[in-house]
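*Asks:* below is the sequence, then the predicted model.
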Amino acid sequence: MKRGTAILIGIVALVVVVGLYFVGVRNRLVRLEIRVEEKWAQVENVLQRRADLIPNLVNTVKGYASHEREIFEEVARARSRLLSARTVDETLAANGQLTAALGRLLAIAERYPDLKADRTFTRLMDELAGTENRIALERKRYNEAVKDFNTAVRVFPSNIVAGMMGLREKPYFKVEEGKEKVPTVDFSRPGR
């Protein structure tokens, strides 16, 4: 009788230890996933800020280059896609399109010296540059959170718990192929 009781206690203890381990791993995965979601929300905040600056920038450029209608429409479409994106992948794709359209808009501004001297344009460009820096910072923080989460989802034995929870790796916020370099735009005046 004592041997059977000892075996039963051993089995119960093993089940309790495994159960506690499972709960601990599950809680860690949940915390990591929440951290990824939090960091993504910050990315969305700065992307929204950039999207909010764009109409003012476009209107300022329109005042000097009203015949460049195609690029204004392209920027508006790209901004709309970014604002209507529902998933991380949609947001990343829309952000790439908007970045490319903004690059073309700024290249147009290079051809208009009066525009480059406009205070509103200069202020908006400064705000946009600051926002781009915030985007880079939040992208870095998001990618760090994704790295931690993806590592936990892939390593043994937490990958078993992650599979049971239906957790999959999260996408990194990457720069699109060919978009690694920002277009060079020189706003200095000739002769300076």
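*Replies:* Arrived safely.
*Asks:* quick check: phi and psi on residue 166?
*Replies:* With angles defined as degrees, to the nearest 10, residue 166 sits at phi 80, psi 20.
*Asks:* per-residue pLDDT, it?
*Replies:* Note for residue 166: predicted pLDDT of 94.
*Asks:* do the one 3 residues further on as well
*Replies:* The model reports residue 169 with a pLDDT of 95.
*Asks:* also the one 5 residues further on?
*Replies:* Reading off the per-residue confidence, residue 174 sits at a pLDDT of 84.
*Asks:* right, and it touches residue 93 too?
*Replies:* No: if you go by Cβ atoms under 8 Å, residue 174 and residue 93 don't touch, sitting 11.1 Å apart. For glycine as for every other residue, the C-beta is placed from the backbone atoms N, C-alpha and C.
*Asks:* who has more neighbours, the two?
*Replies:* Neighbours per residue (other Cβ atoms under 10 Å) separate residue 174 from residue 93, with residue 93 holding more: 15 against 12.
*Asks:* which elements pack onto the one helix or strand that one maps to?
*Replies:* Residue 93 belongs to helix 88-109 when assigned by DSSP states H and E. Judged by 3 or more Cβ pairs under 8 Å, 6 or more residues apart in numbering; DSSP states H and E, the packing partners of helix 88-109 are helix 2-64, helix 69-84.
*Asks:* report the angle between the first one and helix 69-84.
*Replies:* On the basis of axes from the mean of the first three to the mean of the last three Cα atoms, to 10 degrees, helix 2-64 is oriented at 160 degrees to helix 69-84.
*Asks:* compute the number of surrounding residues for residue 170.
*Replies:* Residue 170 has 21 nearby residues by other Cβ under 10 Å.
*Asks:* contacts only, for it.
*Replies:* The contact partners of residue 170, taken as Cβ atoms under 8 Å, 6 or more residues apart in numbering, are 36, 88, 146, 149, 150.
*Asks:* which residue packs closest to the last one, ignoring adjacent ones?
*Replies:* Going back to what we said before, that points to residue 150. Nearest residue to residue 150, sequence neighbours excluded (Cβ to Cβ, 6 or more residues apart in numbering): residue 169, at 4.5 Å.
*Asks:* please apply the same query to the third one.
*Replies:* Closest residue to residue 146 in three dimensions, ignoring its sequence neighbours and counting by Cβ to Cβ, 6+ apart: residue 170, at 4.7 Å.
*Asks:* for the lowest-mean-pLDDT helix or strand in the chain, output the C-alpha coordinates as CSV.
*Replies:* In the chain, no helix or strand scores lower on mean pLDDT, DSSP states H and E than helix 113-117, which sits at a mean of 82. Taking Å, rounded to 0.1, in the frame of the first residue of the first chain, the C-alpha atoms of helix 113-117 are listed here in CSV:
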residue,chain,number,x,y,z
PRO,A,113,13.5,77.4,-55.1
ASP,A,114,10.7,79.6,-53.8
LEU,A,115,9.1,76.5,-52.3
LYS,A,116,12.3,75.6,-50.5
ALA,A,117,12.5,79.1,-49.0
